[in-house]
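Trainee: Kindly return the folded structure for what I paste below:
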Amino acid sequence: MKNTVTFILTATWILFSRAYDAYCTHNLTPDLSKESNPLVSVLGMNWTPLLVTIGILTLYSIFCYFLVVFKPISLIPSKKGYSFSHFVAYLYLGKKESWPAIFYKFPKDIQRFNHYFGLMMSKFLVYAGIVSTVMWLLINKTEWYKKVHSAAVIYSILIIGCIIITYFWNKKLYKAYLINSNNEL
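Mentor: Numbering: from 1, shown residues only. Have a look, this model is predicted:
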């Protein structure tokens, strides 16, 4: 029951916050001329491809989160002795590598990719939803924030926050891995 409630609340927040972001964006810039999303500012997307792309990625993230919650698999190595760097790479790749490998390699197992993606993207989208909702509330309800708002600050908050989330999630799992490894001695 707890898993069901957690999944429903998380998925609902992700969908609500993404929809609220799109709604507020449309109200501020119906022609997307003020939009700083790289899909628009770099790739030149208009509303239809933008919403389709974000919609597909969001639904895929929720599907992967569903797998994490209701069909979990262990991403943690069964062998002892992994360094933190090797542990981080193993979570994603399923084999012993140094952590920078996560930036240029993909797991060979789609199930591992889906579970890792579901774990991380659900956390990122919840966080991004909080940041974007607070941002839009400040834009819509205050005058002072409009003067200090910038895309660079928002993207910095998002990127730094996601790095922190990733680090602490990896650290938490690594500590559990070390405790389990020591208990097996």
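
Trainee: ok, and the closest non-adjacent residue to K95?
Mentor: Of all residues not flanking K95 in the chain, A89 sits nearest, at 7.7 Å (Cβ to Cβ, 6 or more residues apart in numbering). In short, each C-beta sits where N, CA and C put it, glycine included.

Trainee: tell me the pLDDT at the one you found?
Mentor: On the pLDDT scale, A89 is placed at 96.

Trainee: now L185
Mentor: On pLDDT, L185 comes in at 46.

Trainee: Quick check: K71 vs G118, distance?
Mentor: 10 Å (Cβ to Cβ, to the nearest Å).

Trainee: neighbour count winner among these two?
Mentor: G118 (22 against 11; other Cβ atoms under 10 Å).

Trainee: ok, now which ones touch the more buried one?
Mentor: Listed by Cβ atoms under 8 Å, 6 or more residues apart in numbering, the contact set of G118 reads S61, F63, C64, Y65, F66, L67, V68.

Trainee: Any buried residues in the helix or strand containing it, and which?
Mentor: Element membership for G118, per DSSP states H and E: helix 110-141. Within helix 110-141, the residues scored as buried using 16 or more other Cβ atoms under 10 Å are 112-129, 131-133, 135-136.

Trainee: hang on, isn't F124 packed against I163?
Mentor: No. Applying Cβ atoms under 8 Å as the test, F124 and I163 come out as separate, 10.4 Å apart.

Trainee: Select the helix or strand of this protein having the lowest average pLDDT value.
Mentor: Across the helices and strands of the chain, the lowest-confidence element by mean pLDDT, DSSP states H and E is helix 38-41, at a mean of 88.

Trainee: following that one, which helix or strand comes up?
Mentor: Per DSSP H and E, helix 38-41 leads on to helix 47-70 as the next helix or strand towards the C-terminus.

Trainee: quick one, phi psi at the residue nearest to K95?
Mentor: phi -70, psi -40 (degrees, to the nearest 10).

Trainee: do N46 as well
Mentor: Torsion angles, degrees, to the nearest 10, at N46: phi -100, psi -170.

Trainee: what residue ranges in the protein score low on pLDDT?
Mentor: Within the chain, the stretches with pLDDT under 70 are 183-185.
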